[in-house]
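Q: Provided below are the primary sequence and the corresponding predicted coordinates.
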Amino acid sequence: MVTWPGRRISSVLFKRFSFTTFNTTMSPTAAAIAPTSAPDVTPTPRRVIHVLHMLPIVAVRLDRVAASPAPSAPNSRRHSRAATASMNGSAPLASTAPTVEALTAALHHQHQRDATRLDGLVVPDTQGKWGFAPRRGHGALYAGIQSLDGVDGMSCVYVGSLGQVVDVYGRPLVGETWTDAEWRELMSMLWVERKCVPVDLDDATATAYYDGYCKADLWPILHYSLWDSATDGRQEKSHWDAYCRANAAYASTAADYFRAGDLVCVHDYHLLLAPSHLRTALDESALIGFFLHTPFPSSEVFRCLPSRAHLLHGVLGASLIGAQTYSYTRHLLSACTRILGLETTPTGIDLDDGRHVAVGTFPIGIDVARALHQANDPVVRARAAALRDQYRGRKLIVGRDKLDQIRGVHQKLLAFAQFLEMYPQWRDQVVLIQVTSPSAENGKGSTKGLEAKVSELVAQINGKYGSLEVMPVVHVHRSIEQSELYALLSAADVGLITSVRDGFNTSSHHFIVAQHATQQAPLLLSEFTGTAGSLSSAMLVNPWDRAGVAAALHAALTLPDHDRAMRHAQMYAHVSRHTAQAWAGAFTKALATAASCNAMAVPRKRTPLLPIPKCLAAYRSSKKRLFALDFDGTLSPIVARPEDAKPARAVLDALRALTADPRNHVYIISGRDQATLDEWLGQHVSNLGLSAEHGSFLKPPGADAWIDIGEMQDWAWKDEVLRIFQFHTERTPGSMIELKKSSVCWHYRLADPAFGMFQAKECQNHLENAVLTKLPLDLLRGKKVLEVRPSYVNKGEIVGRLLHSASRAQPFDYVLCAGDCETDMDMFRRLSREFAGKPGAAFSVMIGPASKRTVADWHLPAPADLIGVLQTMGRMEEEEVDVDGVHEVLESGVAIAASS
């Protein structure tokens, strides 16, 4: 753990600064980074803030050397468990600084295989004690995002975990402490040299977040690997809490560096909740992108996660969500529909608050120019020639994978054994060179058993099919240098990748680039990798079909030269065109385009919060008042079963208090039928007016009978509509028909979410083509319901009738109209027309978030907020109510609801 004498590193150290204004008291980080002159007011080019689990560079202490490899302490500033998994023992530190010759030699220090090897150590010309080097791993991601820096005046900021500080040999400096001045120097160097901003997490949170939830709970599900052990849930709850805290910390750091016009790109499954946190912290117009670099599983698998809904809500804070393949985006859309009940299209998701989240497919690539340079290095060519000479007369089948459950190494060896059994003529003619690098351990995915199983299988194959002259399988279980890897890929006669589930396998791209100037060997690629859909000229295989893989191996080894050349040319054209740089550019461009298209297609305004003091003051001073209130979603929350939405006692009490005042005329204007309104409301609240079926029937306060607004109408149209609804009901399990006196409804709330939505669109098209074009009818699309009614029937007509029913001598001088859905828009429009240029106070209130599309003038976040206002009004005549005090209480509650 890195500490100062007498105190820990805390969030105070990492207090962020503003780019335009600064607090009077700065943290050490801010003071180290802050410009010495006044901020420039000249407009700056657009920036991209990349939020990543780990920063793309590793910090190097130049004047400290760890005497021996040592394990990383479990703290937030570590590289990863994978980087130090094989390190054991303590780490006494040598205080002697290395010479310049030692620094140069460190770049080629080959024997430190259990340390984080440093490629490209950079020592800033500041005479300081710190340097940095590119972080190994995730090369495609880092190459892509860093390529944006400087393009069209664009700049990049990187927010992520710093990881473990290392020495010049790449070994973690465990137990070292730094002074405030040393740490400020490091923070300043990170910002000045690479615009990197570390995220600070305490040790327990960092460990439970990454090794716990990310690797043990979330990663297996994303790769279709369900847990094989049952617990009491306490550990999982601890991991989840740490995941939430970590995501909030990442988002908070990024938000503090955000300025208007920036793009924010959040990367991978470590940060699924960060987009939602950023959306809350930033303005609604902020452009937030999220890219998932792993697979997204079928909704039937993803729903096994207890936190499934929270994760989906978190990622839906983004403006654009990207993934490797269309199948991943399709699974995400399906999960949003089936788990959250949201309506989706192939290109996006429509949220309940009216916001649209775009979804797209952006296949990532590698840095082809760098890969070509490495493949053509003289050292690589010499090693490749040595390999071909060593195995002269034999075909080389090459595989390189991490040793974990999803890479399919075990399946590959079984298929290779099947190949030798099916095609004995190849037994002395082929060699499988399988390189496996150690994978990170975690609580639910230990690879020790897999390692033993692979070693045993290699021994069995070599024992059965080998000879004194040749061993069919050469298994290298360690991390290898880039030059070794490219030499191996260049010398191969066949590339073999058999992942059982993989997001993006860069080995396939590196193999194609390495083969470009050599043999143009064929590639056998698992159809379950994220690159299979784009590399269509590869020979796709099912790793679970041993005989199929064996046959494909035989076909690849006997493939004619012209077929090899044709397949390679097509694959190389794709790899060279879809590079990491092209991916990053396409994603950021789509992020800006998605936001602008959404703004043009769906012009939205944020509806202001109801001014409660003004509303209460107008109520108190008025002489004649009208309340026109919807029921479902307005006085009672929306529920899955409509019959469960009975009014709560608080609603009935508030309505009784209001109707007790003779100056109040209270009407419930609902889509419910007459019997339901009578049973739920009319029998419990005297002097309450009711309107059923969206204005088709009216029952004034104190009346015994309902007035049929459309009594003289011809209802023959119902038969034709019923036939269409019955047709779709028979074909949609879980759907039902509701026959009202003036309308017909088709409910599909209990149907399969995706199929119900599809059938609803089909039913709507059927109605529009067969009925609505011939008759004066309207089709309303509500919450999981289609309703057909006469054109003259709507809630706005009822509001107009009620307003005109008042005498001219004493018209209504106060109206409160509240609703939550599309059918209530008619009320708001009519109220706006009736009160235009007239005296009196009219408040049209939409129940829902401020971003929800509406024509109402005001909003309240939830039914409970409206009930609170009504309760206050009901008490105002019985007792002296402090309007300002009530406002403070109500406003605080409403603000909390709005923020949540």
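A: Sure thing, it's come through. Numbers count the residues shown, from 1 in each chain.
Q: For the closest residue to Pro472 other than its chain neighbours, the count of nearby residues, please.
A: Nearest residue to Pro472, sequence neighbours excluded (C-beta to C-beta, 6 or more residues apart in numbering): Tyr465, at 4.9 Å. Where you see a C-beta, it was placed from the backbone N, CA and C, and this is true even at glycine. By other C-beta atoms under 10 Å, the residues close to Tyr465 number 21.
Q: shouldn't Tyr465 be in contact with Arg427?
A: Yes. At 5.3 Å, Tyr465 and Arg427 qualify as touching, with contact defined as C-beta atoms under 8 Å.
Q: so what sits against both of these two?
A: Leu420, Pro472 (C-beta atoms under 8 Å, 6 or more residues apart in numbering).
Q: Which phi and psi values does the closest residue to Ala487 other than its chain neighbours adopt?
A: Among residues not flanking Ala487 along the chain, Arg383 sits closest, at 3.4 Å (C-beta to C-beta, 6+ apart). Main-chain dihedrals, Arg383, degrees, to the nearest 10: phi -70, psi -40.
Q: Report the contact partners of Arg383.
A: Ser483, Glu484, Ala487.
Q: please redo it, this time with the cut-off set to 10 Å
A: Under the criterion of C-beta atoms under 10 Å, 6 or more residues apart in numbering, the contact list for Arg383 reads Asp377, Glu481, Ser483, Glu484, Leu485, Tyr486, Ala487, Leu488, Ser490, Ala491.
Q: now, which of those lie within strands?
A: Judged by DSSP state E, strands contain none of the contacts of Arg383.
Q: Pull out the buried residues from the residues you listed.
A: Ser483, Glu484, Leu485, Tyr486, Ala487, Leu488, Ser490, Ala491 (16 or more other C-beta atoms under 10 Å).
Q: Mind checking which of these are in helices?
A: Ser483, Glu484, Leu485, Tyr486, Ala487, Leu488, Ser490, Ala491 (DSSP state H).
Q: Rebuild the residues you listed as TSV, extending it with distance to Val51 and pLDDT.
A: Formatted as TSV, these follow (distance: C-beta to C-beta, whole Å; pLDDT from 0 to 100):
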residue	distance to Val51	pLDDT
Ser483	33	88
Glu484	34	91
Leu485	30	91
Tyr486	32	92
Ala487	37	93
Leu488	35	93
Ser490	37	93
Ala491	40	92
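Q: and which of the residues you listed is nearest Ala692?
A: Lowest distance from Ala692 to those (C-beta to C-beta) belongs to Leu485, with 73.6 Å.
Q: show me what contacts the residue nearest to Pro472?
A: 416-417, 419-421, 424, 426-428, 430, 471-473.
Q: could you dump the contacts of Arg383 to JSON lines with distance to Thr729?
A: Shown next, in JSON lines, are the contacts of Arg383 (distance: C-beta to C-beta, whole Å):
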{"residue": "Asp377", "distance to Thr729": "68"}
{"residue": "Glu481", "distance to Thr729": "66"}
{"residue": "Ser483", "distance to Thr729": "67"}
{"residue": "Glu484", "distance to Thr729": "65"}
{"residue": "Leu485", "distance to Thr729": "60"}
{"residue": "Tyr486", "distance to Thr729": "62"}
{"residue": "Ala487", "distance to Thr729": "66"}
{"residue": "Leu488", "distance to Thr729": "62"}
{"residue": "Ser490", "distance to Thr729": "64"}
{"residue": "Ala491", "distance to Thr729": "65"}
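Q: From the opening residue of stretch 804-819 to its closing one, how far?
A: 21 Å (C-alpha to C-alpha, to the nearest Å).
Q: buried stuff in that stretch?
A: Applying a neighbour-count criterion of 16+ other C-beta under 10 Å, one finds Pro811, Phe812, Asp813, Tyr814, Val815, Leu816, Cys817, Ala818, Gly819 buried in stretch 804-819.
Q: Check whether the fourth one really touches Ala628, as I assumed.
A: What it means is Tyr814. No. Checked against C-beta atoms under 10 Å, the pair Tyr814 and Ala628 is beyond contact range at 11.7 Å.
Q: pLDDT weak spots in the protein?
A: Residue ranges of the chain with pLDDT under 70: 1-45, 67-119, 125-127, 228-232, 440-447, 595-605, 710-714, 839, 877-900.
Q: the residue most distant from the middle of it, which is it?
A: Centroid-distance maximum for the chain: Ala809 at 59.2 Å, with C-alpha atoms, centre = their mean.
Q: I'd like the next helix or strand past the helix or strand that contains Leu186.
A: Assigned by DSSP states H and E, Leu186 belongs to helix 180-194. Counting by DSSP H and E, the next helix or strand C-terminal to helix 180-194 is strand 196-198.
Q: Hmm, Ala143 is touching Arg370, no?
A: Yes. Using C-beta under 10 Å, Ala143 makes contact with Arg370 at a distance of 7.0 Å.
Q: Mutual contacts of the two, please.
A: Listed as contacting both Ala143 and Arg370 by C-beta under 10 Å, 6+ apart are Thr579, Ala580.
Q: Compare these two (neighbour count), which wins?
A: A count of neighbours by other C-beta under 10 Å puts Ala143 above the other of Ala143 and Arg370, at 24 against 15.
Q: That one belongs to a helix?
A: Yes. The assignment for Ala143 by DSSP: H, G, I helix; E, B strand; the rest coil puts it in a helix.
Q: Enumerate every residue touching it.
A: Taking C-beta under 10 Å, 6+ apart as the test, what Ala143 contacts is 56, 134, 364-371, 579-581, 583-584.
Q: can you check Ala208 too?
A: Ala208 touches 74, 201, 214, 216, 235, 238-243, 245-246, counting by C-beta under 10 Å, 6+ apart.
Q: now the nearest residue to it once chain neighbours are set aside: how far from Asn376?
A: What sits nearest to Ala208 in space, not counting adjacent residues and going by C-beta to C-beta, 6+ apart, is Ala242, at 3.5 Å. When C-beta to C-beta, to the nearest Å is the yardstick, Ala242 and Asn376 sit 46 Å from each other.
Q: Who has more neighbours out of the two?
A: Neighbour count, other C-beta under 10 Å: between Ala242 and Asn376, Ala242 has more, with 23 against 15.
Q: how about that one, secondary structure?
A: Quick answer, by three-state DSSP: Ala242 is helix.
Q: middle-most residue in this structure, spatially?
A: The centroid of the chain falls nearest to Val315 when counting by C-alpha atoms, centre = their mean (2.7 Å).
Q: measure it to Leu351 for me?
A: The gap separating Val315 from Leu351 is 12 Å, by C-beta to C-beta.
Q: How about Leu658?
A: In terms of C-beta to C-beta, Leu658 sits 33 Å off from Leu351.
Q: how does this structure divide into domains?
A: 137-167+201-361, 368-578, 612-709+795-897, 716-790 (the TED database).
Q: Which among those is found nearest to Leu591?
A: Per C-beta to C-beta, nearest to Leu591 of these: domain 137-167+201-361, 4.2 Å.
Q: For the helix or strand His562 falls within, list every residue counted as buried.
A: Taking DSSP H and E as the definition, one finds His562 inside helix 561-577. Residues Arg564, Arg567, His568, Met571, Tyr572, His574, Val575, Ser576 are the ones in helix 561-577 that count as buried (16+ other C-beta under 10 Å).
Q: CA atoms only: put stretch 393-402 into PDB for me.
A: C-alpha atoms of stretch 393-402 as PDB (Å, rounded to 0.1, in the frame of the first residue of the first chain):
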ATOM      1  CA  GLY A 393       8.900 -31.300 -43.100                       C
ATOM      2  CA  ARG A 394       6.000 -30.900 -40.700                       C
ATOM      3  CA  LYS A 395       3.000 -28.700 -40.600                       C
ATOM      4  CA  LEU A 396       2.700 -26.300 -37.700                       C
ATOM      5  CA  ILE A 397      -0.700 -25.700 -36.200                       C
ATOM      6  CA  VAL A 398      -0.500 -22.700 -33.800                       C
ATOM      7  CA  GLY A 399      -2.800 -21.600 -31.000                       C
ATOM      8  CA  ARG A 400      -2.300 -18.900 -28.400                       C
ATOM      9  CA  ASP A 401      -4.800 -18.400 -25.600                       C
ATOM     10  CA  LYS A 402      -5.200 -17.400 -22.000                       C
END
